[in-house]
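Peer 1: give me the fold of what follows.
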Amino acid sequence: MQFTIHRQSVIQFYGYFALGLAFLFLGFYLFEERIGWWQADAPKMLPIILGGYLALAVVILQFANKDRPFLLDSLLPYQMLEILIMGLLMIYIAPKQQDLALLMLFPVGIGNLLVSKRFGYLLAAMATIMVLTQGFLHPHNVTDRVVSGSIIGISYFLEALIIQSLSSSLSEAKHQAQQAQVELDNAAKLNDLIIERMHTGVCVVDHHGAIIRINRAAQERLENLQPNQCVPQSIMERMHYWMKFDLQKESEIQLDPSNPSSSVFVFFARIDEANTLIFIENKETVVRKAHQSKLDSLARMAASIAHEIRNPLNAVSHATQLLLENPELSKEDQHLGGIILRHCTRMDNIVQNVMQISKRTTSDLQWIQLNKWLGDLIPELCEQYQCKIFITGDPIEIRFDPSQLQQVISNLSQNATRYGGADKDHAIEIQLKQANQRGCLSFIDQGPGLSEQAVQYLYEPFHSTSASGTGLGLYLIKELCEANHAEVRYDSQHEQGAKFDIYFAHDAVTNKD
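Peer 2: Next up, the predicted model:
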């Protein structure tokens with residue numbers, strides 16, 4: 001199996017070494033009369049072989065200078081040819097020169113770095129055969145030559161074994177390092193994605209307040225500050241106080257005195273001696289979370305109280321019904337009993353609404369052809385609330401729990417008749433449309449609308465502008481819409497009457513039928 005590897009520097013070193021060795025051999029040949037290094041038996045063949053070796057070195061160097069990854073064993077033919085040339089010099093051209101056997105240690109060693117294990121041992125075996133062949137073909141002092149050739153041959157194999165072992169260890173270490181790097185890169189990308197999508201602003205600064213890293217939420221709260229810029233002075237003062245006294249101030253910071261919505265809460269955490277992590281929370285977000293937690297606690301408490309009220313309330317209602325069935329009861333007592341029964345019914349409705357707050361069941365999302373579905377529901381609502389409702393706009397298809405959507409439309413219709421003056425003469429309009437790639441239902445009455453004070457407490461439970469209201473209708477509408485990934489908004493810019501817009505989930509599509 002072949003692997004793509006980057007060993008360009010090793011191959012370049014090999015090419016330059018071979019080229020230098022070729023020039024050295026040619027230098028010895030040119031000054032042979034003075035040095036007498038070659039002592040060639042075939043002097044006419046020596047320049048030809050040395051020229052071939054020089055050409056081989058040039059080819060290896062050109063191969064090494066190519067800007068591309070190299071395949072394992074790609075240099076094997078050149079290395080085998082080099083050993084054959086060296087062997088030819090030892091055996092036939094200059095058998096008296098014993099230093100060639102030692103010089104072959106380099107091509108064997110570098111070859112084991114650039115080829116696979118089996119071919120590395122093949123190069124060692126070829127070099128050993130060349131050395132032993134020289135000893136046998138030239139019988140002068142055969143014993144010494146065979147012994148020295150055997151030792152050198154063993155050296156070749158030991159060199160191959162050591163280099164292959166080190167290469168395997170380095171390859172394994174490199175693979176583990178690359179795998180660890182990939183895991184670190186993936187973890188870093190995951191952390192970046194998590195931090196970037198956090199609703200809490202996160203900012204890393206140095207001890208001078210210069211931003212090193214900042215996520216999108218923090219940029220939105222700090223006027224789109226970028227890395228290398230400094231955080232506002234008010235935050236720096238708070239950070240210096242924390243670093244000096246090791247105390248977190250929980251009071252808000254006003255970033256822009258002219259903009260009340262620019263208030264933020266900041267908290268600090270030390271990363272190291274030079275860097276600090278700052279968490280930035282928008283005041284409105286913190287207040288909303290606290291308010292929601294308060295509402296949840298209040299809803300649980302109210303549901304618990306309602307559960308305790310329900311049994312005695314049912315007993316009172318049942319006893320009143322039995323009293324009213326008494327034929328001897330006077331008209332005055334019958335009138336009082338009717339009042340009791342009506343208020344028991346009203347109280348029971350309140351108890352049911354309160355208990356429903358704590359029973360926020362899982363929504364069974366279904367695709368609904370909203371225009372057709374409303375067409376089936378509206379006659380029932382018109383009869384129940386004695387009003388007139390008509391639909392305008394384009395047909396849309398949404399995903400919503402049908403029973404919960406029915407409760408939402410019913411609560412809106414009840415509010416329209418109770419507070420918006422809707423009746424047979426003053427109709428309720430339901431508009432269907434597409435808005436920002438979302439299906440939208442607008443519920444409009446012709447009443448006086450809501451005051452600014454009422455809008456401030458619009459979705460709070462138990463807040464009602466009517467003495468007979470429970471203040472739970474809009475709160476339940478908001479909760480049911482959120483359970484179905486929808487959003488309800490009051491349009492305060494609407495000129496006449498109250499207008500509530502319900503924006504459905506983003507996967508709503510227009511019905512083309």
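Peer 1: name the element the most centrally placed residue in the chain belongs to?
Peer 2: In the chain, the residue lying closest to the centroid (CA atoms, centre = their mean) is Leu193, at 3.5 Å. For Leu193, the element it lies in under DSSP states H and E is helix 142-197.
Peer 1: list the buried residues for stretch 334-346?
Peer 2: Within stretch 334-346, the residues that qualify as buried by neighbour count (16 or more other CB atoms under 10 Å) are Gly337, Ile340, Leu341, Cys344. Quick note: C-beta positions are derived from backbone N, CA and C, even for glycine.
Peer 1: shaky segments in the stretch 251-400 of the chain?
Peer 2: Along the stretch 251-400 of the chain, segments meeting pLDDT under 70 span 260-261, 284-288, 290-292, 294-296, 298-299, 302-303, 350, 353-362.
Peer 1: quick one: the helices in it?
Peer 2: Ranges of helices in the stretch 251-400 of the chain, per DSSP state H, counting those that start in this stretch, are 283-324, 331-358, 370-385.
Peer 1: for the helix holding Leu193, name the packing helices and strands.
Peer 2: Judged by 3 or more CB pairs under 8 Å, 6 or more residues apart in numbering; DSSP states H and E, helix 142-197 is in contact with helix 99-103, helix 105-114, helix 117-137.
Peer 1: show me how the chain divides into domains.
Peer 2: The chain breaks down into these domains under automatic domain parsing: 4-177, 201-283, 286-358, 366-510.
Peer 1: now the first one: average pLDDT?
Peer 2: Here domain 4-177 scores 83 as its mean pLDDT.
Peer 1: chain center to that domain: distance?
Peer 2: In terms of CA atoms, centre = their mean, to the nearest Å, the centre of domain 4-177 is found 53 Å from the chain centre.
Peer 1: can you check the shortest one too?
Peer 2: Computed by CA atoms, centre = their mean, the separation of domain 286-358 from the middle of its chain amounts to 49 Å.
Peer 1: quick one on the thing from earlier: distance to Leu105 for the helices of the stretch 251-400 of the chain - can I get that in CSV?
Peer 2: Listed next are these as CSV, based on distance: least, CB to CB, whole Å:
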stretch, distance to Leu105
helix 283-324, 72
helix 331-358, 85
helix 370-385, 85
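Peer 1: nearest to Gly135, of the ones you listed?
Peer 2: Evaluated over the helices of the stretch 251-400 of the chain, closeness to Gly135 peaks at helix 283-324, with 88.0 Å, by CB to CB.
Peer 1: dump the residue contacts of the residue nearest to the centre of the chain.
Peer 2: For Leu193, no contacting residues are found, by CB atoms under 8 Å, 6 or more residues apart in numbering.
Peer 1: phi and psi next, for Phe63.
Peer 2: For Phe63, the backbone dihedrals are phi -60, psi -40 (criterion: degrees, to the nearest 10).
Peer 1: thinking again about what came up before, and the helices and strands packed on helix 142-197: which comes nearest Tyr92?
Peer 2: Each of these was checked against Tyr92 via CB to CB, and the shortest separation belongs to helix 117-137, namely 8.5 Å.
Peer 1: flag every buried residue along the closest one.
Peer 2: 119-128, 130-132, 134-135.
Peer 1: go through these and name the one nearest Met104.
Peer 2: Sorting the buried residues of helix 117-137 by distance to Met104 puts Ala127 at the head of the list, at 4.9 Å, by CB to CB.
Peer 1: doesn't Gly109 make contact with that closest one?
Peer 2: No - under the contact definition of CB atoms under 8 Å, Ala127 does not touch Gly109, with a separation of 10.3 Å.
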